[in-house]
Structures are given as structure tokens and as C-alpha cells.
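1. one predicted model, sequence on top.
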Amino acid sequence: MTTTLGERSPLKPLAGIPRELSTMFRPHLDALAEEMIEEILAGIPEYSRPQDEEYARLVRLAVEGALRQFVDLIMDPGSSWEPVAAVYREIGWAEAREGRSLDVLQTSMRLGARVAWRRFAAESERYNISRGVLAGIAEAIFQFLDEIARAATEGYTKAREQEAGELEHRRRRLLDLLLAEPPAAPQAVADLARLAQWRVPRTVAAVVLYERRRRPFSPPSLPPEVLADVNRREPCLLVPDPEGPGRGRMLESALRDWVAALGPTVRTEDAARSLRWAREALPLARRGILPSDRLIRCAEHMPALVVFKDEELVRAVAELRLAPLKNVRPRHRERLMQTLLACVQNGFNATEVASRLHVHPQTVRYRLHQLEELFGERLYEPSLRLELEMVLTVWLTAPPEAQSID
């Protein structure tokens with residue numbers, strides 16, 4: 001049966017040890033504690049700290065507490081484990097805070113247990129302790145060792161979880177600070193970055209994202225230098241050195257379960273600007289205007305982002321510029337619009353337009369002749385081309401009910 005520190009459940013081997021041995025062993029505990037401490041400090045260099053009085057006190061408390069607890073359990077196998085459990089949880093917590101492996105602590109406990117067993121075995125002849133009782137003491141020592149090791153592990157794990165939580169909290173605060181408008185003071189960023197264990201880069205890019213609704217939820221697996229918070233209302237990331245080798249592949253792989261828009265690369269102090277453009281791109285991806293099957297790089301879609309920046313204004317201009325098409329039948333009007341957009345984007349080259357629209361060049365020429373009749377000589381004015389490209393891009397992405405021209 002496995003016991004847990006803090007419970008009043010006895011160790012099985014202790015039940016067979018005569019209680020009077022507790023009285024016999026107790027006078028030797030101080031000397032045994034000194035021997036154990038000496039052996040631990042000699043065998044574990046990390047624990048040898050002559051100038052650290054608090055740490056020396058903790059080591060002594062652990063050794064003396066364990067010895068007293070063990071002897072108390074011989075006298076009363078049902079006595080509480082909690083006093084020594086609390087000490088070893090504190091030790092485990094301290095080891096984690098010191099940044100050491102739990103292996104160091106476990107090695108020290110094994111050294112102490114070996115010294116204790118050696119002393120108990122040596123005293124067994126003087127007190128005429130039978131081999132059966134001695135075997136019970138040995139089994140009890142090692143089971144006791146397992147239990148205090150369990151308590152130390154609990155403290156160690158709690159400290160690690162606490163440290164991870166503190167670091168994650170600092171990184172989220174740093175992300176908020178970097179994306180704030182107006183920009184935070186450079187010294188404030190530098191101070192928090194140091195606490196968050198994040199090296200401030202020269203350039204960054206913001207990413208906003210939403211899940212593709214796949215189940216179960218799959219948080220992105222990102223390298224530690226990427227600041228991330230996917231649990232906020234608007235999940236986002238901040239990627240340092242976004243133009244660096246392998247950065248794009250890393251994001252593509254990590255965000256495969258997310259629709260993600262990567263803002264343009266900017267100086268770190270301008271991170272909020274990158275975030276603004278990424279925020280502009282994501283709604284367009286939801287509407288199907290920008291491709292959402294891969295990472296959306298805003299730098300590759302700037303014309304669309306600029307056009308849709310003030311969609312209401314563009315539609316107002318469209319009412320004016322596309323007025324010649326208002327009397328054309330809706331179905332044929334859309335074909336003419338698609339042809340006109342392809343023409344202004346390809347310099348009115350019928351062959352290239354035909355290839356893009358997958359029609360015959362003669363079909364393009366026929367439609368272009370109709371457009372000339374509707375728009376007149378203004379159709380070829382350079383000043384009108386940019387406006388036509390903008391309004392047609394927006395108009396042709398609108399739902400059918402919004403494509404009417406009054």
C-alpha cells in the first residue's frame with residue numbers, strides 16, 4: 001500500500017519494529033544528523049554554501065526533521081506525516097527556484113538514507129536487534145525515503161508551475177505593451193522584456209488569427225521568441241525578425257489550424273501599425289476576398305487592403321463611375337464589369353484579358369466595343385483607370401443584393 005504524506009496511515013514495515021527502539025535511537029539523533037549533513041555537503045557541491053545561513057538552516061531542518069519523524073513513527077506508526085511533509089515540500093520548492101534539477105535533491109536524500117542505515121546497522125549488535133527487525137527498519141527507511149521524495153516533488157512541481165505562470169503573465173503584459181497606441185516608452189519595454197526573458201528585436205510583425213473551427217482545440221506550437229496570446233478576444237502573436245530564415249515556414253506550419261493574417265514588417269516600436277493592417281486583412285479573408293487557405297501576408301495584398309480601407313467611400317464613387325452600366329441587364333452587366341476590370345489591369349490588351357477570363361479574344365473585343373459605347377472616350381483616360389479598378393474590385397466582391405446601380 002502506498003501512503004501519502006500528510007495522512008495518518010502507517011508504513012507497513014514500522015508495524016513490526018519494537019517501539020522501545022524509538023527510545024534507544026533518540027539520544028543518537030543529533031550526532032547522526034551531523035554525520036548525514038557532513039556527507040551530503042561533501043557529496044553535493046551545490047549544497048556547500050558557508051555564507052548562506054538560511055540555506056544551511058533549511059538543510060539542517062530537513063535532516064533533523066526527517067530523523068525525528070522516523071523515530072516518532074517507530075513509537076507511533078499512525079502519527080501525522082505533515083510536519084516533515086511541509087519541510088520537504090518547501091525544499092522542493094526552493095530547489096526549483098534555484099534552477100536545479102530534482103536529481104540533485106534526490107541524490108542528497110539517498111546519501112542521507114545511506115548514512116542513517118549504516119548507523120542503524122552498526123548499532124544493531126549493541127542493542128541485540130534481530131535480523132528480522134533490522135530488515136524491517138531497512139525497508140521502512142527506504143519507504144520513508146520514497147514518501148519524503150514525493151513531498152519534495154510536489155513542492156518542486158508547484159514552484160515550476162508558478163514560475164511558468166509568472167513568466168507567461170509577464171509575456172502577455174509585454175505583448176500588450178508592445179501593441180499599445182501610442183507606443184510605450186522604450187525603457188518600459190526593455191524592463192518588462194528582461195523580466196519576460198524576451199530579447200527585444202529590431203523588427204517585428206503582428207499576426208491576428210481565428211480558429212478554423214476544427215475540434216479538438218489546437219493551440220499553435222510556437223517557438224519561445226514568439227509572443228502569443230490565443231485566449232484573448234482577438235487572438236494575436238508578435239513575431240520577431242519576421243523576414244529571418246525559416247520564419248514563414250514556421251508560421252505556416254504552426255498556424256495550419258488557424259486563419260491568420262501577418263501584418264507588414266515594422267520596427268519594434270511600430271508594432272501597433274503592423275497589427276492595424278493585420279486587423280484589416282482578417283475580415284476580408286472571412287468574406288473570401290483574400291485567400292484564407294494559407295498564411296495571409298498583408299505585404300502581398302496591399303492594393304486590396306487599401307481599396308477596402310474605406311469601402312463605403314469606394315461604393316459611393318462606384319455609383320458615379322459605373323452609372324453608364326445601370327440600364328444594362330444585371331447578368332450581362334456583371335460580365336461587362338469583369339471584362340472592364342481585366343482590361344484596366346492589363347492595359348486593354350484583348351489577348352491577355354481573354355486568357356485571364358478564359359474566353360475568346362473576339363469576345364473581349366465585342367464587350368470592349370459595348371463598353372466604348374457606354375462610357376465614350378473617357379474609358380481610356382489614364383486618370384479614370386485607377387478609380388475604375390478600385391470601384392470594380394469592391395463592387396464585384398459585394399453580395400448580389402448590393403450590386404444594383406440606381
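-> Received, thanks.
2. which stretch of helix or strand covers Val306?
-> Element membership of Val306, judged by DSSP states H and E, is helix 302-307.
3. now do the buried residues in that helix.
-> Of the residues in helix 302-307, 304-305, 307 count as buried by neighbour count, 16 or more other CB atoms under 10 Å. All C-beta spots, glycine's among them, are computed from the backbone N, C-alpha and C.
4. swap in stretch 186-195?
-> Quick answer for stretch 186-195 (16+ other CB under 10 Å): 189, 192-193.
5. I'd like those residues as CSV, with pLDDT appended.
-> Listed next are the buried residues of stretch 186-195 as CSV, based on pLDDT from 0 to 100:
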residue, pLDDT
Val189, 92
Leu192, 92
Ala193, 93
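6. and Leu209, that's in a strand?
-> Yes. The assignment for Leu209 by DSSP: H, G, I helix; E, B strand; the rest coil puts it in a strand.
7. and it, what is it in contact with?
-> Leu209 makes contact with 230, 235-237, 255, 258-261, 282, according to CB atoms under 8 Å, 6 or more residues apart in numbering.
8. narrow the residues you listed to those in strands?
-> Residues from the contacts of Leu209 lying in strands, with DSSP state E as the criterion: 236-237, 258-261.
9. between the residues you listed, which is closest to Arg119?
-> Checking the ones in strands among the contacts of Leu209 against Arg119 by CB to CB gives Leu237 as the nearest, at 58.7 Å.
10. what's the neighbour count on the closest one?
-> Neighbours of Leu237 under the rule other CB atoms under 10 Å: 25.
11. and it, how close does it get to Leu177?
-> Computed as CB to CB, to the nearest Å, the Leu237 to Leu177 distance reads 15 Å.
12. what residue lies at the spatial centre of the protein?
-> For the chain, Ala228 is the residue whose C-alpha lies nearest the centre (CA atoms, centre = their mean; 5.7 Å).
13. partner residues bridging that one?
-> Leu237 (DSSP bridges).
14. doesn't Leu251 make contact with it?
-> No. Applying CB atoms under 8 Å, one finds Ala228 not in contact with Leu251, separated by 11.3 Å.
15. now do the buried residues in stretch 33-45.
-> Quick answer for stretch 33-45 (16+ other CB under 10 Å): 33, 35-37, 39-41, 43-44.
16. next: stretch 381-389.
-> For stretch 381-389, a neighbour-count test (16+ other CB under 10 Å) marks 385, 387-389 as buried.
17. ok, back up a step: Serialize the contacts of Leu209 to a markdown table and add fields for pLDDT.
-> Shown next, in a markdown table, are the contacts of Leu209 (pLDDT from 0 to 100):
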| residue | pLDDT |
| --- | --- |
| Val230 | 87 |
| Pro235 | 92 |
| Cys236 | 93 |
| Leu237 | 95 |
| Leu255 | 91 |
| Trp258 | 91 |
| Val259 | 92 |
| Ala260 | 94 |
| Ala261 | 95 |
| Leu282 | 91 |
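18. can those residues go into TSV with extra columns for distance to Pro182?
-> As requested, these are exported to TSV (distance: CB to CB, whole Å):
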residue	distance to Pro182
Val230	26
Pro235	24
Cys236	19
Leu237	22
Leu255	29
Trp258	29
Val259	29
Ala260	26
Ala261	23
Leu282	23
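19. any idea which of these is closest to Thr351?
-> Out of those, the member with the shortest distance to Thr351 (by CB to CB) is Ala261, at 35.2 Å.
20. and the closest one, how many neighbours does it have?
-> There are 28 residues near Ala261, going by other CB under 10 Å.
21. need the contact list for it.
-> If you count contacts by CB under 8 Å, 6+ apart, then Ala261 has 207-209, 278-279, 281-282, 285, 290, 295-296, 298 around it.
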